[in-house]
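Enquirer: structure for the following, please:
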Amino acid sequence: MPRDARRPAARPEAAAPPPPGATGEPAAGPGVPAETAPPRPSIWLADAEEQAGPARSAGRNGLDRERITEVSVRLLDAEGLPKFSMRRLAGEMGVTAMSLYWYVDTKDDLLELALDAAFAELGTGDAGESGQPGEADDWRAELRDLAAGYRALLVRHPWVSTLAGTYLNIGPHSMAFSRRMRAVLAGTGLAPATRAGAMAAVSQFVHGFGTFEGHYVERSRQAGMTQDAYFRHAMGSIREHPGLEGDFTEPGRLLAERGGHTVEEMRERDFTLALDLLVAGIEAMVAREA
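Expert: A predicted model of the protein is given here:
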């Protein structure tokens, strides 16, 4: 074997680092955190200077955070959370993905903005910093209104339930909703030590119910069926499965037993009954504490 063939190849010179942005990652600068920056728990914990910086508020290519957030919500509604990406959003808006990073540091930041924009639809911003609700004759009616609004939000935007359980969810509109709920529970007569448990019982019930309902509505839509047709199809398939046929009654009979002629009527009765049980539980707790 020739001597040169046994000689190790010369070590190449260290390549110069690629220029910022050459790898497809956002370049350091406005809207892009330095590599050494510690992770931030939430966009809402950014300092005021970062939130209001010129790169975030000034129009660039006709963009601003409000418009980017609005389109993000629309895209999440149409295509769902798994398909959402900065590249897909940029294509929808007719800009480059890099343009978006002048207004948000990461995709997570943008999803947090979209989440709080959804909570704005609850209209609880008028509760103010103190969380005091508007004039209400009965805390029960106020509590039912808040629960119904949150449920409708989760059905309207199925992706909200996932994001609400992923991020801190401390945006201004989300916090306004929480303050409103706390103010209503303060009017029940519950002792301060038990209000947090009552709030968890109501909010987590609504979160679970609305999540299930929203996913069911989405599955029906994807199957190209009405909710009633999808219910009959699914129930029929379940009853034909060995080992499960005795656990489920005929779909029409099940609807009648649960108080409705349609899936929506049945679900409405279930929600109302469950919420009534929670209200009764709060009343019983107040009486016991008294």
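
Enquirer: could you point out the longest helix of this protein?
Expert: helix 192-222 (DSSP state H).

Enquirer: show me what secondary structure element comes after that helix.
Expert: Downstream of helix 192-222, the first helix or strand assigned by DSSP states H and E is helix 227-239.

Enquirer: tilt between that next one and helix 192-222?
Expert: Here the directions of helix 227-239 and helix 192-222 differ by 90 degrees (axes from the mean of the first three to the mean of the last three C-alpha atoms, to 10 degrees).

Enquirer: pull out the buried residues from helix 227-239.
Expert: By neighbour count on 16 or more other C-beta atoms under 10 Å, the buried set for helix 227-239 is 227-228, 230-232, 234-235. Where you see a C-beta, it was placed from the backbone N, CA and C, and this is true even at glycine.

Enquirer: and for stretch 270-289?
Expert: 271, 275, 278-279, 282, 285.

Enquirer: same deal with stretch 152-164?
Expert: Neighbour-count burial for stretch 152-164 [16+ other C-beta under 10 Å]: 152-155, 157-161, 163-164.

Enquirer: would you reformat those residues as JSON lines and include secondary structure and distance to Arg40?
Expert: JSON lines is the format used below for those (DSSP: H, G, I helix; E, B strand; the rest coil; distance: C-beta to C-beta, whole Å):
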{"residue": "Ala152", "secondary structure": "helix", "distance to Arg40": "31"}
{"residue": "Leu153", "secondary structure": "helix", "distance to Arg40": "26"}
{"residue": "Leu154", "secondary structure": "helix", "distance to Arg40": "27"}
{"residue": "Val155", "secondary structure": "helix", "distance to Arg40": "31"}
{"residue": "His157", "secondary structure": "coil", "distance to Arg40": "24"}
{"residue": "Pro158", "secondary structure": "coil", "distance to Arg40": "27"}
{"residue": "Trp159", "secondary structure": "helix", "distance to Arg40": "22"}
{"residue": "Val160", "secondary structure": "helix", "distance to Arg40": "22"}
{"residue": "Ser161", "secondary structure": "helix", "distance to Arg40": "23"}
{"residue": "Leu163", "secondary structure": "helix", "distance to Arg40": "17"}
{"residue": "Ala164", "secondary structure": "helix", "distance to Arg40": "19"}
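
Enquirer: now, the most widely separated pair of these?
Expert: Longest distance between any two of the buried residues of stretch 152-164 is 16.8 Å, between Ala152 and Leu163; criterion C-beta to C-beta.

Enquirer: I'd say Glu289 and Ala191 touch.
Expert: Yes: between Glu289 and Ala191 there is a contact under C-beta atoms under 8 Å: 5.3 Å.

Enquirer: pLDDT weak spots in the chain?
Expert: Along the chain, segments meeting pLDDT under 70 span 1-38, 47-61, 125-137, 245-253, 256.

Enquirer: centre-most residue in it?
Expert: Nearest to the geometric centre of the chain sits Val160, at 1.9 Å (C-alpha atoms, centre = their mean).

Enquirer: what residues are up against the closest residue to that one other than its chain neighbours?
Expert: Distance criterion C-beta to C-beta, 6 or more residues apart in numbering; nearest residue to Val160, sequence neighbours excluded, is Ala118 at 5.1 Å. Contacts for Ala118 (C-beta atoms under 8 Å, 6 or more residues apart in numbering) come out as 73, 153, 157, 160.

Enquirer: what's the separation between the last one and Gly171?
Expert: Plainly put, Val160 is 12 Å away from Gly171 if you go by C-beta to C-beta, to the nearest Å.

Enquirer: now do the shared contacts for these two.
Expert: With C-beta under 8 Å, 6+ apart, Val160 and Gly171 have common neighbours 115, 119.

Enquirer: of the contacts of Ala118, which is the nearest to Ala176?
Expert: Nearest member of these to Ala176, counting by C-beta to C-beta, is Leu153, at 13.3 Å.

Enquirer: tell me which other helices or strands the longest helix of the chain touches.
Expert: For helix 192-222, the packing partners by 3 or more C-beta pairs under 8 Å, 6 or more residues apart in numbering; DSSP states H and E come out as helix 139-156, helix 159-164, helix 172-186, helix 227-239, helix 263-289.

Enquirer: what helices or strands is the third one leaning on?
Expert: Looking back up the chat, that one is helix 172-186. Helix 172-186 packs on helix 107-119, helix 139-156, helix 192-222, going by 3+ C-beta pairs under 8 Å, 6+ apart.
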